[in-house]
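K.L.:
Sequence and predicted structure, then a few things I'm wondering about:
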Amino acid sequence: MPDNINHQRRHLLLGAAALSAGVLPAVPASAAEPLKIGLIVPMSGPFASTGRQIEAAVKLYLQQNGASVAGRPVEILLKDDGGVAPDVTKRLAQELVSRDKVQVLAGFGLTPLAFAAAPVATQAKVPMIVMAAATSVIPQRSPYIVRTGFTLAQVTAPMAQWAARNKIRNVVTLVSDYGPGLDAEKVFVKDFAEGGGKVGDSLRAPLRNPDYAPFLARVKDLKPDALFVFVPSGEGAAVLKQFTERGLAAAGIRLICTGDVLDDDLMASIGPAAAGVVSSHHYSAAHPSAENKAYVEAFGKANKGMRPNFHSVGAYDGMHLLYQALKQTRGDSNGDKLLAAMKGMAWTSVRGPVSIDAATRDIVQTVYIRRAEQSGAAWYNVEFDQAEKVRDPGV
């Protein structure tokens with residue numbers, strides 16, 4: 001972990017009008033105590049795109065809904081954990097709770113980082129809104145965790161079922177070797193086999209500094225009908241590039257995947273290599289709802305044309321969940337009261353209808369089957385099928 005991570009961390013307060021360093025103007029003594037939210041995300045390192053999307057979505061939510069709720073001014077304390085060192089994430093969570101007195105923790109780009117912060121949330125009885133990390137068991141690590149993003153198992157099962165229904169009989173799986181990847185592998189193998197398919201081999205690439213070439217060479221030798229891939233957001237461009245360059249597409253091997261591979265934030269860099277690739281996910285910037293069209297337009301205007309991705313939606317909905325819970329508690333930020341208000345909550349998201357399962361504290365949502373298509377000069381994941389009210393299947 002570079003020594004300069006501590007120097008790169010930013011302690012920012014997000015207002016409704018703009019993101020600015022330092023402290024927001026002091027509120028009068030008679031005003032309600034500010035609600036402090038500790039937002040821990042990777043703003044540097046290999047997964048910085050995740051942090052950038054989450055930061056932008058939180059800022060947009062505050063711009064659109066105000067920097068106060070239920071009479072409480074809202075302050076966001078943004079911390080960069082670098083994305084790869086759980087001990088850094090845990091230390092930041094501890095500092096936010098003990099020194100900065102935050103009432104809510106949020107963000108968490110990858111599963112090991114969410115695991116590291118979970119005991120802090122439990123001990124402090126502080127709600128922890130997981131906006132990105134996607135291993136199934138995350139909510140089980142603390143009774144104070146609520147997830148507004150997704151789980152890999154949740155979005156993988158519909159892909160396996162679709163493949164089995166669409167004359168794909170023999171598949172090799174390739175996943176990143178950590179929690180979400182193992183979840184995706186297990187669920188795909190199970191559901192694909194139940195649909196009559198066969199998995200010829202299951203390959204796992206290292207999370208840090210992966211080299212996909214030897215794995216793709218193995219796939220080409222096995223000659224499956226399709227290769228199923230999961231890699232975390234940020235790695236998809238490398239996989240698609242090597243898949244094409246090494247002749248797998250030319251050999252007639254299809255690539256199917258979860259939406260992390262075809263991250264909307266990366267579609268411009270992936271370009272024609274994405275053509276025709278079918279994926280399953282809970283959000284696409286091309287989702288045709290009126291709510292999403294307005295969101296994509298506002299997000300782009302606020303961020304110099306940047307396209308929102310699925311991590312942005314996890315963050316945007318995380319803020320919505322918190323605001324609605326605070327309205328129900330009339331501004332009371334007691335952790336147990338906020339958790340009680342969040343459980344079972346349902347709303348229409350920009351991604352479609354969602355709810356928080358009262359028993360598991362995990363999100364229930366529609367999962368879409370999409371095909372990568374060109375529209376003008378841009379590439380999008382266009383939805384053509386869906387599975388509704390999908391819960392995490394557990395692994």
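P.N.:
Nice, thanks for sending it over. Numbering: from 1, shown residues only.
K.L.:
show me the contacts for Q161.
P.N.:
By Cβ atoms under 8 Å, 6 or more residues apart in numbering, the residues touching Q161 are D191, F192, G195, A387. The way it works is simple: take the backbone N, C-alpha and C, and place the C-beta from them, glycine included.
K.L.:
so which of the residues you listed comes closest to I129?
P.N.:
Lowest distance from I129 to those (Cβ to Cβ) belongs to A387, with 24.8 Å.
K.L.:
before we move on, back to that, and of the contacts of Q161, the nearest to S280?
P.N.:
Out of these, the member with the shortest distance to S280 (by Cβ to Cβ) is A387, at 8.4 Å.
K.L.:
Show the pLDDT at the closest one.
P.N.:
pLDDT, the model's per-residue confidence, is 98 for A387.
K.L.:
Wait, it touches Q365, no?
P.N.:
No. Judged on Cβ atoms under 8 Å, A387 makes no contact with Q365 at a distance of 9.7 Å.
K.L.:
higher neighbour count, those two?
P.N.:
Q365 (26 against 18; other Cβ atoms under 10 Å).
K.L.:
circling back: most neighbours among the contacts of Q161, which one?
P.N.:
Result: F192 is most packed of those (other Cβ under 10 Å), 27 neighbours.
K.L.:
Name the nearest residue to that one, sequence neighbours excluded.
P.N.:
A160 (4.3 Å; Cβ to Cβ, 6 or more residues apart in numbering).
K.L.:
That neighbour belongs to a helix?
P.N.:
Yes. Residue state for A160 (DSSP: H, G, I helix; E, B strand; the rest coil) corresponds to a helix.
K.L.:
Can you tell me how far it is from N334?
P.N.:
According to Cβ to Cβ, to the nearest Å, A160 and N334 sit 42 Å apart.
K.L.:
Repeat that for K36.
P.N.:
For K36, the distance to N334 (Cβ to Cβ) stands at 14 Å.
K.L.:
Y144 now?
P.N.:
In terms of Cβ to Cβ, Y144 sits 12 Å off from N334.
K.L.:
ok, these two, which is more surrounded?
P.N.:
Taking other Cβ under 10 Å, Y144 and N334 do not tie; Y144 has more neighbours (24 against 12).
K.L.:
Now the more buried one: phi and psi?
P.N.:
Main-chain torsions, Y144, degrees, to the nearest 10: phi -100, psi 10.
K.L.:
Now do the same contact list for the closest residue to it other than its chain neighbours.
P.N.:
With sequence-adjacent residues excluded and distances taken as Cβ to Cβ, 6+ apart, Y144 is closest to A121, at 4.5 Å. A121 is in contact with A93, L105, P127, M128, S142, Y144, I145, counting by Cβ under 8 Å, 6+ apart.
K.L.:
Repeat that for R52.
P.N.:
Taking Cβ under 8 Å, 6+ apart, one finds M43, D265, M306 in contact with R52.
K.L.:
so what's the second one up against?
P.N.:
What it means is D265. D265 sits next to S49, R52, Q53, S233, M306, R307, P308, N309 when contact means Cβ under 8 Å, 6+ apart.
K.L.:
One more pass at 7 Å, please.
P.N.:
S49, Q53, R307, N309 (Cβ atoms under 7 Å, 6 or more residues apart in numbering).
K.L.:
still on that earlier bit, filter the contacts of Q161 down to just the ones in strands.
P.N.:
A387 (DSSP state E).
K.L.:
Number of residues surrounding E75?
P.N.:
For E75, the tally of surrounding residues (other Cβ under 10 Å) stands at 20.
K.L.:
Can you verify my assumption that it contacts L39?
P.N.:
No. Between E75 and L39 no contact is recorded; they are 10.3 Å apart, counting by Cβ atoms under 7 Å.
K.L.:
gap between A117 and V58?
P.N.:
Counting by Cβ to Cβ, the gap from A117 to V58 is 17 Å.
K.L.:
Counting neighbours, go ahead and name the busier of these two.
P.N.:
The neighbour count for A117 versus V58, taken as other Cβ under 10 Å, is higher for A117 (31 against 26).
K.L.:
list the contacts for A106?
P.N.:
Counted by Cβ under 7 Å, 6+ apart, A106 has contacts I37, G38, L39, I129, M131, G318.
K.L.:
Kindly report the same for F192.
P.N.:
Per Cβ under 7 Å, 6+ apart, neighbours of F192: A160, A163, A164, V171, V199.
K.L.:
show me the contacts for the closest residue to the last one other than its chain neighbours.
P.N.:
What it means is V199. Nearest residue to V199, sequence neighbours excluded (Cβ to Cβ, 6+ apart): V189, at 5.0 Å. Each residue near V189 by Cβ under 7 Å, 6+ apart is listed here: T173, V199, S202.
K.L.:
next one: I145
P.N.:
Contacts of I145 (Cβ under 7 Å, 6+ apart): A118, A121, M128, V130, I138, P139, R361.
K.L.:
so how many other residues sit close to the third one?
P.N.:
Here the number of neighbours of M128 (other Cβ under 10 Å) works out to 31.
K.L.:
my read: it touches V102, true?
P.N.:
No. Under the criterion of Cβ under 7 Å, M128 is not in contact with V102, lying 10.5 Å apart.
K.L.:
Show me the helices in the stretch 51-200 of the chain, by range?
P.N.:
86-98, 111-124, 152-165, 179-194 (DSSP state H, counting those that start in this stretch).
K.L.:
most tightly surrounded among the ones you listed?
P.N.:
Each of these was scored by mean neighbour count; the highest is helix 152-165, a mean of 24, by mean count of other Cβ atoms under 10 Å.
K.L.:
chain center to that helix: distance?
P.N.:
Centroid displacement of helix 152-165 relative to its chain, using Cα atoms, centre = their mean, to the nearest Å, is 18 Å.
K.L.:
Sweet, I'm off.
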